[in-house]
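Novice: Starting from these lines, generate the structure:
(chains A, B and C)
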Amino acid sequence: MSAPILEIKQVYKLFGGLAANSDVSFQMEEGMILGLIGPNGAGKTTLFNCITGYYPPTRGEVLFQGKRLNGLEPDQVCKLGMARTWQKVRPLAKMTVLDNVMVGALCRTGSLKVARDIALEQLHVVKLEHKNGFLAGGLPIGERKKLEVARVLATKPTLLLLDEVMGGLNPAESDEIIQLILDLKKRGLTQMVIEHDMKAIMRISDRIVVLNSGAKLAEGLPQEIVSNKDVITAYLGDALE
Amino acid sequence: MIVFLQSLLSGVLVGGVYALIGIGLTIIFGVMRIINFAHGDLLMVGMYLTFFIFTLLGIDPFLSILVSIPLMFLLGAFLQKVFINRVLNALPQNQILLTIGLGLVMSNTAMLLFTSDYRILTTSYSSGSVSLGGLSISTPLLLSFLITAAITAFLYWFLLKTDIGQAIRATAQDRDAAQLMGINVKRMSVLATGLGAALAGTAGALISPTYYIYPQVGSAFTLKAFVIVVLGGMGSIIGATMGGIIIGVTESLAAVTPFIGSGLKEAVVFLLFLLVLLFRPAGLLGKSRM
Amino acid sequence: MLRARKPARGLAALPLVLAVVATILLCLFPAVVSSPYTLHVMILIFLSVVQGESWNVLGGYTGQYSVGHAAYFGMGAYVTIMLLQFKGIAPWYGMWAAVAAAIVLGLVIGSITFRLRGPYFVLASIAVAEIIRLVTLNWKEVTNGAEGILLSGVPPLKIGETVITDWSSKVPFYYAGLALAVLTILVNYAVQHSKLGYYFQAIREDQDAAHSLGIPLARYKNIALAISAFFTAWSGAFYGLYVGFVDPSTVQTVEVSVSIVLICIIGGIGTILGPVVGSLVLVPLAEALRSNLIADGLFALGLDPTSRTGLFLKENLAHAHVLIYGILVVVVILFMPDGVLGYVKAVTRKRATRTEAA
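Specialist: Okay, here's the model as predicted:
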């Protein structure tokens, strides 16, 4: 078994007195897909923000390829090879689809020509190249999600954090994204995926971490998680409400 | 020592009027998240209004606020309905530019109508003073402070105790939630702008016996109002009240400090502003809240 | 759906050809037109283009709305003029000191204000410009205070022993202004077609997204500010030398800052041509008002010059250009938030779709 690519050690994030994350620990190995699930407000996005430098964890540490990330800015984290998407997509609205992806690609190169080639390649990967010249702000939600993925892929990450990339998509579009995630895995990309769609997460994840009220409730293989009593009461109970 | 106390006192008195300007700006910001760059120009309109009510009708400036408050309220409500309302969802920079444009229109219309001459409103008590424990206080300054205090007290009562006041505060805290709870947010915006304009106009009326009146007088007050509001935390009325006093005292003390003097007292205020932005961007009181 | 069309390769050359032709025509202009007033208006247009294009780098591309550019403009004018008048340092050297001072000032401001977003940045930029103005006003021993500094002359520009120009007419200023305008337009072009331009625009569109894509926000905002301050200071130096006089009320007030922003707003923000269009609207308009051309025009159309309205207009329109600016801003923001250029584009696009549909 290889060394962990990401280690999260006893991470706490407090807002005022409120703990959005408390004592969260887990690790990821290279090439795997880790599913991160939990009811609304469980602290999944907060954890993403702590990992990617949007705010420093109040306590605990995050190690990426053995390097401590605490205190690094999001752009530095991105340069190290960890990229994330946003739950609420953030297209650069007044720039074209191609330009959006080029911005990501410019993380690794100073040349517009090289960046354009990288961008075209990634747009091909997500099957969006026919929209190259369109303004990003005008895309329908499904294509915005794809654009978001193409854009982070262009930063050439070794670890990709996907925050609900299937939210708001119809089943056909979701299937496309699932296929894309699995394809990326085949190419060796490590991924952490936040998702609400349980079927999807069961299908793609190698391992699942469940958060509840900011703390880790369970961790295990998909089939272990579905039969875990705590998870069923906390998560599914909430989902059935 | 006497100089210090004297400056401190007049700083507090001037600060009261500043607080009024700041409260107006902060209410508008709170309810609509728009920074009104025409705020000082509204104050200028209030000054001219007071000047003409005094010279043409012979009504005392401190009495004339009974007339100018409703008039300024209408002006504010008009500006909101016709102009500001259309940019509520626009980019913040466009909102700012719109109010800058409105300010330019107001100040330059005033220049066309009244020329850029400095005018002085002289009342029988303009140069009078009251002596208090060895300190002398200018009569108009004292009167304006007392009126300010009364208005501020009334405002607090209005915002805290009346239904409309609470609706305004609710809108300021969370516009969407307020709307969901059945508050007519559009009406609150009109009310807030009217209220803000009325407060700026009142401040203009109150300082008219002690300041020169000219079309460009507003811009300095607009800037000062920002400083006051940022100092107290954007959207906080208590913050704006305290911010006003702090700025009044800072200016007043800076004016008598060697090497600074009255010419640079405003620079000190802006410097203070930058320091607050640098170290406490949420304002001295912390969270922005009404 | 909005589609930004990329012109075909052959067509891409067209704007370039037009730009070159326009530049050549402008170079020949003084040979044909000798009226000093016309040249004066052209120089003012160049100055306005330089100011607008400089602001555009920071405000237009990067989305950082500075309403304090009078600080850099004033710094450029004051340092150049003070060095020339008090120390006898030729302006083509003094200008570099001015530019350096403006950039240092900009970086200090940037380090304070770029951590702030939205309205705070606007407010801070105004506050800094006001501090600079108040210090200039009160530091009389150095700056001459409110009286300003009157320049006793610009030394002749020599290369070796050959005198290039002694600045005795408007023509040398015309060419200097034209050169600066072309330069700043080229700078905008270079920015737009480089990594910088992509990063600046990404920051404008969404700071958090930009940050997550590996863009160090503070560094790139400061680069934009430095470029912007550099050329704004140059325009200030040019203005000071051309007018031969600086004082706080003409180069350092909030009105100066606002008018710089206006050039871009009216033309169209974040485009290379926007500031040019803005200048072509604003400068002639201001001049027409100042020289009473508009009142004369109304009289020619049949308005009685001796009527009350006629007298009022004649008396006041000359002072009304700021009022007109204000009305323009309000109208532009409400009805054409993308400026004249954006408005024209939208209208032609609409017309094109209508013809296609027909």
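
Novice: Beyond the strand or helix carrying residue C:127, next helix or strand please.
Specialist: In the assignment (DSSP states H and E), residue C:127 maps to helix C:119-138. The element immediately downstream of helix C:119-138 (helix or strand, assigned by DSSP H and E) is helix C:140-143.

Novice: quick revisit: any bit of the helix holding residue C:127 sitting next to chain B?
Specialist: Yes. Contact of helix C:119-138 with chain B is found when judged by Cβ under 8 Å from any Cβ of the partner chain, involving C:119-120, C:122-124, C:126-128, C:130-131, C:134-135, C:137-138. The C-beta positions use only the backbone N, C-alpha and C, and glycine is treated the same way.

Novice: Quick check: nearest residue in space to the residue in the stretch 51-200 of chain B positioned nearest to chain A, chain neighbours excluded?
Specialist: Across the stretch 51-200 of chain B, the shortest distance to chain A (Cβ to the nearest Cβ) belongs to residue B:91, at 11.0 Å. The shortest distance from residue B:91 to any residue that is not its chain neighbour, by Cβ to Cβ, 6 or more residues apart in numbering or on different chains, is 7.8 Å, and that residue is residue C:337.

Novice: Do I have it right that the one you found meets residue B:95?
Specialist: No. Counting by Cβ atoms under 8 Å, residue B:95 is not a contact partner of residue C:337; they are 10.8 Å apart.

Novice: more neighbours, those two?
Specialist: The residue with the greater number of neighbours, taking residue C:337 and residue B:95 and applying other Cβ atoms under 10 Å in any protein chain shown, is residue B:95; the counts read 23 against 18.

Novice: quick one: buried residues of the helix or strand where the more buried one lies?
Specialist: With elements taken from DSSP H and E, the one containing residue B:95 is helix B:92-114. Buried residues in helix B:92-114, counting neighbours by 16 or more other Cβ atoms under 10 Å in any protein chain shown, are found at B:92-112.

Novice: of the residues you listed, list those near chain C.
Specialist: Among these, the residues within reach of chain C (Cβ under 8 Å from any Cβ) are B:92-94, B:96-98, B:100-105, B:108-109, B:111-112.

Novice: Check the spacing between whichever residue of chain A sits closest to chain B and residue A:38 real quick.
Specialist: Using Cβ to the nearest Cβ, the point where chain A gets nearest to chain B is residue A:16, with a distance of 9.9 Å. Look at residue A:16 and residue A:38: by Cβ to Cβ, to the nearest Å, they are 21 Å apart.

Novice: So which of the two has more stuff around it?
Specialist: Comparing residue A:16 with residue A:38 by other Cβ under 10 Å, the one with more neighbours is residue A:38, at 25 against 6.

Novice: Just the pLDDT for that one.
Specialist: In this prediction, residue A:38 carries a pLDDT score of 88.

Novice: What sits closest to it if chain neighbours are left out?
Specialist: In this structure, residue A:38 finds its nearest non-sequential neighbour in residue A:211, 3.7 Å apart by Cβ to Cβ, 6+ apart.

Novice: Export the helix or strand harbouring the one you found to CSV, keeping only CA atoms.
Specialist: Element membership of residue A:211 [criterion: DSSP H and E] is strand A:207-212. What follows is the C-alpha trace of strand A:207-212 in CSV, where atoms were taken according to Å, rounded to 0.1, in the frame of the first residue of the first chain:
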residue,chain,number,x,y,z
ARG,A,207,-14.4,4.4,0.5
ILE,A,208,-16.9,6.7,2.2
VAL,A,209,-16.5,9.1,5.1
VAL,A,210,-19.8,10.2,6.8
LEU,A,211,-19.9,13.6,8.6
ASN,A,212,-22.6,14.5,11.0
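
Novice: which residues touch it?
Specialist: Outside of strand A:207-212, the residues that reach it under the criterion Cβ atoms under 8 Å, 6 or more residues apart in numbering or on different chains are A:21, A:24, A:26, A:32, A:34-39, A:42-44, A:47, A:201, A:216-222, A:225, A:228, A:231, A:234-235.

Novice: are any of those residues buried, and which?
Specialist: For the contacts of strand A:207-212, a burial check counting by 16+ other Cβ under 10 Å picks out A:21, A:24, A:26, A:32, A:34-39, A:42-44, A:47, A:201, A:216-219, A:222, A:225, A:228, A:231, A:234-235.

Novice: Okay, and which of these map to strands?
Specialist: Secondary structure defined by DSSP state E assigns A:21, A:24, A:26, A:34, A:35, A:36, A:37, A:216, A:217, A:218, A:219 of these to strands.

Novice: Nearest to residue C:88, out of those: which one, please.
Specialist: Looking at those and their distance to residue C:88, the nearest is residue A:21, at 65.9 Å (Cβ to Cβ).

Novice: If we ignore the residues flanking it in sequence, what's nearest that closest one?
Specialist: Computed as Cβ to Cβ, 6+ apart, the closest residue to residue A:21 that is not its neighbour in sequence is residue A:13, at 4.2 Å.

Novice: go on, residue A:27?
Specialist: With Cβ to Cβ, 6+ apart as the criterion, residue A:27 has its nearest non-adjacent residue at 4.0 Å, and that residue is residue A:4.

Novice: so what's the one you found scoring on pLDDT?
Specialist: 89.

Novice: how many degrees apart are the helix or strand encompassing residue C:103 and helix C:119-138 in direction?
Specialist: Under the criterion DSSP H and E, the helix or strand holding residue C:103 is helix C:91-113. Between helix C:91-113 and helix C:119-138, the angle formed by their directions is 140 degrees, by axes from the mean of the first three to the mean of the last three Cα atoms, to 10 degrees.

Novice: same for helix C:91-113, what does it pack against?
Specialist: helix B:261-279, helix C:70-87, helix C:119-138, helix C:217-243 (3 or more Cβ pairs under 8 Å, 6 or more residues apart in numbering or on different chains; DSSP states H and E).

Novice: Turn those into CSV, including mean pLDDT.
Specialist: Listed next are these as CSV, based on pLDDT from 0 to 100:
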stretch, mean pLDDT
helix B:261-279, 83
helix C:70-87, 95
helix C:119-138, 88
helix C:217-243, 96
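
Novice: Out of these, which gets nearest to chain A?
Specialist: Between chain A and those, the tightest spacing by Cβ to the nearest Cβ is seen for helix C:217-243, at 7.3 Å.

Novice: and the residue nearest to residue A:21, that one's in a strand?
Specialist: Yes. Under the criterion used here (DSSP: H, G, I helix; E, B strand; the rest coil), residue A:13 sits inside a strand.

Novice: Count the residues that sit near it.
Specialist: The tally of other residues near residue A:13 (other Cβ under 10 Å) stands at 22.

Novice: list the contacts for it?
Specialist: Residues in contact with residue A:13 (Cβ under 8 Å, 6+ apart) are A:19, A:20, A:21, A:43, A:46, A:47, A:50, A:55, A:57, A:58, A:214.

Novice: and if we set it to 10 Å?
Specialist: Contact criterion Cβ atoms under 10 Å, 6 or more residues apart in numbering or on different chains gives A:19-22, A:24, A:43, A:46-47, A:49-50, A:55-60, A:214 as the residues in contact with residue A:13.

Novice: Mind checking which of these land in helices?
Specialist: Among those, the ones falling in helices (DSSP state H) are A:46, A:47, A:49, A:50.

Novice: how near is the closest residue in space to the first one that isn't next to it in sequence to residue A:214?
Specialist: The shortest distance from residue A:46 to any non-neighbouring residue, by Cβ to Cβ, 6+ apart, is to residue A:20 (4.2 Å). From residue A:20 over to residue A:214 the distance is 5 Å, taken as Cβ to Cβ.

Novice: In chain A, where's the longest helix?
Specialist: Selection of the longest helix in chain A by residue count, based on DSSP H, yields helix A:171-186.
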